[in-house]
Each structure stands twice: as structure tokens, then as C-alpha cells.
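> Next input, structure requested:
(2 chains)
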Amino acid sequence: MEDITIYITDREGKTHDIEIPLEIDLNLMEVCKASELDVDGTCGGMALCASCHMYVESDHELPEASEDEEIMLDQVLFVEDNSRLGCQIKVTEEINGLRVKLANLGSE
Amino acid sequence: MSQNSVDTDLLIIGAGPVGLFTVFEAGLLKMRCHLIDALPIPGGQCAEIYPKKPIYDIPGYPSVLAGELIDNLMKQIEPFKPTFTFGERAQALQKLDDGSFIVTSSRGTTIKAKAVAIAAGLGCFEPRKPALENLEKFEDKGVDYIIRDPEVYRDKKVVIAGGGDSALDWTIFLSDIAEEVTLVHRRNSFRGALDSAEKVAALAEQGKVNLLTDTEAKSLNGNGVLKGVTLKHKTQGEINLQADNFIPLFGLSPKLGPIADFGLNIDKNAIEVDTTDYSTNIPGIYAIGDINTYPGKLKLILCGFHEGTLAVQSAFKYMFPDKKLSFKYTTVQGVNGFE
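Model prediction:
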């Protein structure tokens, strides 16, 4: 299997080109953590904390958000139509070239 | 009510699964424990974030709900009569000349302990705040993130923001108490508990609740004390509402908080420990569970159980350097609780 590349823009506006091997079963929250981007992944990937809230900025067709993910998105700040939880987006061949931007989590 | 002062052997900061199980292991060594937690209930993340989720990697349990695990741990530590300070954050730590510690809480409770185990997970849960200018200026002057006493809102004009269960439930509850309740939600549907959402819709139809979807708060108005909230509807523009209270309910997120200032060695929001006994750079302070870091660290509840077990052995020697410690299996000795 080949590697894919995705582009993640951090909260400071810097875009990181990240190569991800496909053979490891990762999601975008885990990719952010492994790349030392500022994502806590508090709930460990259960769509229950929204610390990996991000905006999908390219027009990739992603699997639809689950009910759990929609419930969580109802509760977070700065939700937009392209909001997703990174932990619910699996790294597959189909997301090669995906562009996402980390959402602001609110004031401290 | 806040207890003014507590005296204990081991203070455990954080009443999540690891903090709770540590009470058991400390109890076997005849050490009394007090726990402090910012949440109002025991269980930490297991209670606050995922009480209904099954966990599959607790040894001996093919599957256990997180909430159930906490109930079981509470039962398991009962013989050792732990005491608790809930709803208060460990705010400051002071080491005394005799090697013991005084920890002061966010509400002024002081806890004296011979040793401290920090089992604080990802930190203490604090309310998520919306990004509104002047928000902090109105805190406790009309803006609340947590509803402690609903009576405060009697005959007041209240604006609640959020789309989750707590926003729905408080809207329903306060509709009987407040003069006027407005629920503001960024999206046009609620996906929290269906019956709560239906109840709010029914109250809106009866005119008991002012329901504004596709709307978010833009700014807060008032001179020292909150007088109104300016909202923005997706298509219909700005709405100005009179309000005595604005209650944003966007859930809780963990913050390392004051622990960062305890003088401990910290790497990326985690406390560095020696894996011999999970001690920190300050003798007498241990860090166990998700809050610590070391080469090969895995954030698993079962690893935290191990860490707490070794930490209390070391804490015993720290507290009672002249006492002998002999390790006994529970199968041999049973569990001898405290009176």
C-alpha cells in the first residue's frame, strides 16, 4: 500500500503536509496527535469530546457523520456546515489530498 | 458545603478510576485517603464523558460500562472509608518542613496529607466558554457556566445557549422558575435526548419557552451587570434580547490548570515520573494514570491501576520511614477495612 498525503491547517494558520501510511489503521485525530498538532483527543476517539473538531476544506466525499458525531457537533462552538470530528474520519485511500483546518475550541 | 479542613495520610487529586482504586491499595497498607475532584461526582472521564460506553480491556471483565466500573470501584473501596471533596479544584500546594503537604482547594478547603498522589487524568473539567467579547467581564454578574442553584433565576429573564442535553434539560427546568427562558442553538435541530428535545418544542409552542434555532450569541450588553444579549440568526440578522442571565452550556473540557504551578516537571501537559514508583521530582508527590508520562506510557485504566499500586508502596515508606512494610496477598489476608 502507498502512503497518502493530507493537508492540515493548525490554529495558527500554518498548513502541514502530512504523509500517512495506509497500513496503520488511523483516524484524523490520531494523525494530528502523531504529528504533534494541538489536538487532545480527550475521549480517545469516541466522538464524545470534540477536541478534534475540524473543518473539511476540500470537496472530498466523506462517509456521513454518525448519529453520535452529530450529537457531539450540536454541542460545540464554531460549528459550520463543513464541521467534522477528526476521530470519526478514517484514513483511507479515498481521502488522499484532503484539506482540513483545526477548529478553534473557545476562549480559555 | 465546603469542609474547612481535612487531615489524611494520602491525598488523591482526582476521583477517576485510577484515583479510586488507589484508595484500595493504600487501604491494604492501612493508609487513609481523601480525594478531591473538580466534578461533583466520582468517576472522572468515565462518569463525565462516557458513563454508558462499554470498556473491554479491564482484566476479568469481558465488557463493563464505564459508569458500572466506577460503581464497582466505589464498592470495592468502601471498607477503607475514603473521604471526598467534590466540586472543588486542587488550587495550591505547599510542602511543609516535616515533609507533609497542605493542598488548598478553589473554595478554600485545606487538606493536610502526609503524601499526595495526583491522578488527575487530563486535568480538571472546566466549562467550555463561547468566544464572546466581554464574556469574562460579566462572569458572576449575569453569566454562569454551571447552574448551582436554580432559585437564583426565579423571575429572571434567562438566555441559555447550547444544543446538548444539559441545555435542553435546564431550559425545561427553568421554564417553570424564570420569568422568561430563551434557548439559543446554533443549528436547526437538537440531537440530544429525543424526549427532552420534544418537550422543549412543546414548551415553545405553548409560549413557555422562546426557542431560537439557527441562531448564536454575538455580544453581551450591560453596564457592569448583564442587561441584554445580542443574537444573530443565520438569515434574519440581529436580534436584541433583554436578559438578566446568560448561561452558555457547551459541555466541559479538561485543563491541566493549577497543577502546572505545583513545581513538578511537566512535559506536554503530563507529569514526568520515575517508573520505579511513579514518584515525581518532588519527594512525597506521585503521579498516576493519564496525567503522568514516561517512556512507553500508555493511557489505559489498567496501567493506572498498576501505577497507583506501586506508588502507594513508595508513599508508605515516605510517610513512615521507620515502619516495616510486608506485602500480603488479599487471598491470604482478606480485606481488613477501617472502623
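> Count residues in the vicinity of B:Arg241, would you?
Small correction: residue B:241 is Leu, not Arg. The number of residues packed near B:Leu241 is 18, by other Cβ atoms under 10 Å in any protein chain shown. Glycine gets a C-beta too; all of them are placed from N, C-alpha and C.
> SS state for it?
Three-state assignment for B:Leu241 (DSSP: H, G, I helix; E, B strand; the rest coil): strand.
> I'd say it and B:Val229 touch.
Yes. If you go by Cβ atoms under 8 Å, B:Leu241 and B:Val229 touch, sitting 5.2 Å apart.
> which residues do the two both contact?
B:Val159 (Cβ atoms under 8 Å, 6 or more residues apart in numbering or on different chains).
> Go through stretch B:255-274 and flag the buried ones.
For stretch B:255-274, the neighbour count (16 or more other Cβ atoms under 10 Å in any protein chain shown) marks B:Lys255, B:Leu256, B:Gly257, B:Pro258, B:Ile259, B:Phe262, B:Leu264, B:Ile266, B:Ala270, B:Ile271, B:Val273 as buried.
> Domain parsing of chain B, as residue ranges.
Using automatic domain parsing, the domain ranges for chain B come out as B:5-126+B:253-333, B:129-250.
> So for chain A, which of these sits nearest?
Closest of the domains of chain B to chain A is domain B:129-250, at 3.7 Å (criterion: Cβ to the nearest Cβ).
> taking the mean pLDDT, what do you get for that closest one?
Average pLDDT, domain B:129-250: 93.
> does chain A sit close to that domain?
Yes. Counting by Cβ under 8 Å from any Cβ of the partner chain, chain A is contacted by domain B:129-250 at B:129-131, B:135-136, B:162-164, B:167, B:185-187, B:189-192, B:250.
> Can you tell me, leaving aside adjacent residues, what's nearest to B:Leu167?
Just so we're on the same page, residue B:167 is Ala rather than Leu. B:Leu249 (4.4 Å; Cβ to Cβ, 6 or more residues apart in numbering or on different chains).
> got the contact list for the lowest-mean-pLDDT helix or strand in chain A?
In chain A, no helix or strand scores lower on mean pLDDT, DSSP states H and E than helix A:67-73, which sits at a mean of 83. By Cβ under 8 Å, 6+ apart, the surrounding residues in contact with helix A:67-73 are A:46-50, A:53, A:65, A:79, A:83-85, A:88, B:164, B:187, B:191-192.
> And stretch B:45-58, by the same measure?
With Cβ under 8 Å, 6+ apart as the test, stretch B:45-58 has contacts from A:42-43, A:46, A:48-49, B:16-17, B:39, B:41, B:43, B:61-67, B:69-70, B:121-122, B:125, B:252, B:254, B:300-302.
> burial count for A:Lys14?
Neighbours of A:Lys14 (other Cβ under 10 Å): 9.
> no wait, B:Gln91
Neighbours around B:Gln91, by other Cβ under 10 Å: 18.
> Mind listing what's buried along the host helix or strand of it?
In the assignment (DSSP states H and E), B:Gln91 maps to strand B:90-95. Neighbour counts over strand B:90-95 (16+ other Cβ under 10 Å) mark B:Ala90, B:Gln91, B:Leu93, B:Lys95 as buried.
> Stretch B:79-89 and chain A, are they touching?
No. Shown here: stretch B:79-89 not in contact with chain A (Cβ under 8 Å from any Cβ), separated by at least 15.2 Å.
> residues in contact with that stretch?
Applying Cβ under 8 Å, 6+ apart, the contact partners of stretch B:79-89 are B:2-3, B:6, B:8, B:15, B:23-24, B:26-27, B:32-42, B:105-107, B:109, B:111, B:124, B:257-258, B:335-338.
> if we can go back for a sec, show the buried residues in the contacts of stretch B:45-58.
A:42-43, A:46, A:48-49, B:16-17, B:39, B:43, B:64-66, B:69-70, B:121-122, B:125, B:252, B:254, B:300-301.
> now, which of these lie within helices?
B:Pro17, B:Ala66, B:Leu69, B:Ile70, B:Ile301 (DSSP state H).
> Which members of those are the farthest-apart pair?
Pairwise distances across these (Cβ to Cβ) peak at 10.6 Å, for the pair B:Ile70 and B:Ile301.
> gap between the most centrally placed residue in chain A and chain B?
Most central in chain A under Cα atoms, centre = their mean is A:Gly86, positioned 2.5 Å from the mean C-alpha point. From A:Gly86 across to chain B, the span is 15 Å (Cβ to the nearest Cβ, to the nearest Å).
> confidence score at the closest residue to B:Gln333 other than its chain neighbours?
If you skip the residues right next to it in sequence, B:Gln333 has B:Leu28 as its closest partner in space, 7.8 Å away by Cβ to Cβ, 6+ apart. We have a pLDDT of 96 for B:Leu28.
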